[in-house]
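> Sequence first, then the predicted structure:
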Amino acid sequence: MERYYYIYIMTNKSNTVLYTGITNDLKRRTYEHKEKLVEGFTKKYNITKLVYYEIFKDVELAILKEKKIKGGSRAKKIKLIKEMNPKWRDLYDEL
């Protein structure tokens, strides 16, 4: 069975805080953030909206991309989001 890895960006209701993560189950992980099942940054800042993701077959490439995004500026993250999701819709229901 082929395994996939996802890097993703989530935000809060007003799109003011951005969180970048990596997972092998995007639907489950997004649900955990939405339901505040994960202690830490996403719970503290009410991160509940999935606005960007990419799919990888290679975990090492996914980790490299996550590090690149995390190390980039807010402007670069916003550019990525706007290219995939210009209206900043919550993509969770489309998974």
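Happy to help now that I have it.
> For burial, what's the neighbour tally of the closest residue to residue 59 other than its chain neighbours?
Once flanking residues are discounted, residue 59 sits nearest to residue 5: 5.0 Å by Cβ to Cβ, 6 or more residues apart in numbering. In this view, the C-beta of every residue, glycine as well, is placed from N, C-alpha and C. When neighbours are defined as other Cβ atoms under 10 Å, residue 5 has 21 of them.
> What residues are recorded as beta-bridge partners of residue 5?
residue 56 (DSSP bridges).
> same deal with residue 9?
residue 20, residue 52.
> From residue 2, how far off is it?
Between residue 9 and residue 2 the distance is 24 Å, computed by Cβ to Cβ, to the nearest Å.
> So these two - more neighbours on which side?
More crowded of residue 9 and residue 2, by other Cβ under 10 Å: residue 9, with 25 against 4.
> Could I get the full set of helices for the chain?
Secondary structure of the chain, counting by DSSP state H: helices at 26-34, 41-44, 59-71, 74-84.
> Show me which residues of the third one are buried.
Of the residues in helix 59-71, those scored as buried under the neighbour-count criterion (16 or more other Cβ atoms under 10 Å) are 62, 65-66, 69.
> Great, nothing more from me.
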